[in-house]
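Visitor: predicted model and sequence below, questions to follow.
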Amino acid sequence: MSTGSVASSAYHFIRKHLVAGILVAIPLGITYFVVKTLFLFFDGILKPVVPDIFGRSIPGLGIAGVIVVVFLLGLLTTNVLGRKLLSMLSSLLGQTPIVSNVYRAAKQVVEAMRMSGASPFKRVVIVEYPRNGLKCVGFATGPVMDVDGQRMLPIYIPTAPNPTSGFVILFPEDQVVFTDMSPDTAFRWVVSGGMVSPDSIGAAGENGLDKNSTPP
């Protein structure tokens, strides 16, 4: 193997794993920053007040405040008014200079992680799209359907870098190839725009599974 080939392989290896690390570090770093900020904020507010009320200081007030805020955010997401307010806040952050770039990147990663764990996205497939000869990664999201006498499978096609804006296409069952790729790997691939890619993609049949089987 030539020196140039070794250097190229090393470059692609390093770039692949750096991007993979960044995709993990972004949500972790944002979570740490948010939790730390909230902890210091609530600890600073409650620490001087609590001794006057209870006669002594109580450790862990910052953590308790963070838990209460997260719980209240959870309540907001479960009702129509709360979802409307969060949608307005999301839109505002998405239009704010500088902040919008960080917010959108973090939101895309978090949404990808959330979707990869959702029950409909368990089987990664390869289909020919948008034309014959081109391969596209998708997710089998439902059982086989009878469409005008033909067995068809609903396939969700994610878009890069935001897999939450994809679309659903019905493909003939015999044209869908189930793969051995995990949903997490597939979502990282989409979010990274193909920079974090697996070394190979094999048919699920190679691991003892029926590559044309319906998703569980």
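Guide: It's in. From a predicted model like this one, the values you see are computed outputs, not experimental measurements. Numbers count the residues shown, from 1 in each chain.
Visitor: let me see the mean pLDDT of the strand or helix carrying residue 37.
Guide: Taking DSSP states H and E as the criterion, residue 37 maps to helix 3-54. The pLDDT scores in helix 3-54 average 72.
Visitor: again, but for stretch 166-178
Guide: Stretch 166-178 comes out at a mean pLDDT of 92.
Visitor: give me the contacts around that stretch.
Guide: Contacts of stretch 166-178 with the rest of the structure, by C-beta atoms under 8 Å, 6 or more residues apart in numbering, involve 123-129, 138, 140-141, 144-145, 147, 150-159, 203-205, 209-213. The way it works is simple: take the backbone N, C-alpha and C, and place the C-beta from them, glycine included.
Visitor: can you pull the phi/psi pair for residue 169?
Guide: phi -130, psi 140 (degrees, to the nearest 10).
Visitor: go on, residue 179?
Guide: Residue torsions, per degrees, to the nearest 10, at residue 179 are phi -110, psi 170.
Visitor: now do residue 149
Guide: phi 80, psi 0.
Visitor: and the pLDDT at it?
Guide: At residue 149, pLDDT is 90.
Visitor: swap in residue 156?
Guide: 92.
Visitor: likewise for residue 120?
Guide: For residue 120, pLDDT reads 62.
Visitor: also residue 143?
Guide: pLDDT at residue 143 comes out at 85.
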